[in-house]
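**Student:** Model the following, please.
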Amino acid sequence: MVERAVLLAEGDVVTTCVLVAAGLRAGLPPPDGSAEAAARDRVIAALTECGGNQSRAARMLGISRNTLIARIRRYGLVRPRPQDAVR
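**Tutor:** Numbering: from 1, shown residues only. As a prediction, this is how the structure comes out:
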């Protein structure tokens, strides 16, 4: 897991979102007990960490960009567009 986190990290800092994407779990269930809610939170965290960049967020999560887009739709999230991304 640590090796994966280092590979996913950009630069010298391994953020919390990178650790989550690498497989570290807090060991506590999400507040509502739903695995789906936890997965949704990971997608939101990755998109936030990556400034809305879907390709980077997908890499961070260890999934393809198309899978990320499908999850964004499934969770009813607004898909970030390039003009919305934080630079």
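**Student:** As a check, name the ranges of all helices in the protein.
**Tutor:** 2-8, 16-22, 35-49, 54-61, 65-74 (DSSP state H).
**Student:** Show me the contact partners of the last one.
**Tutor:** Put plainly, it is helix 65-74. 39, 40, 43, 47, 54, 55, 57, 58, 61, 63, 79 (Cβ atoms under 8 Å, 6 or more residues apart in numbering). Any C-beta I mention is one placed from the backbone N, CA and C, and that applies to glycine too.
**Student:** Next, format those residues as TSV and append distance to residue 7.
**Tutor:** TSV is the format used below for those (distance: Cβ to Cβ, whole Å):
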residue	distance to residue 7
39	22
40	25
43	20
47	20
54	19
55	16
57	15
58	14
61	13
63	15
79	26
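**Student:** Residue 6: what's it in contact with?
**Tutor:** residue 14.
**Student:** For residue 68, see how far away it is.
**Tutor:** As judged by Cβ to Cβ, to the nearest Å, residue 6 and residue 68 stand 22 Å apart.
**Student:** ok, now residue 78?
**Tutor:** 14 Å.
**Student:** So for those two, which sits in the more crowded spot?
**Tutor:** residue 68 (21 against 8; other Cβ atoms under 10 Å).
**Student:** Might you list the low-confidence residue ranges for the chain?
**Tutor:** 1-2, 4-5, 16-33, 82-87 (pLDDT under 70).
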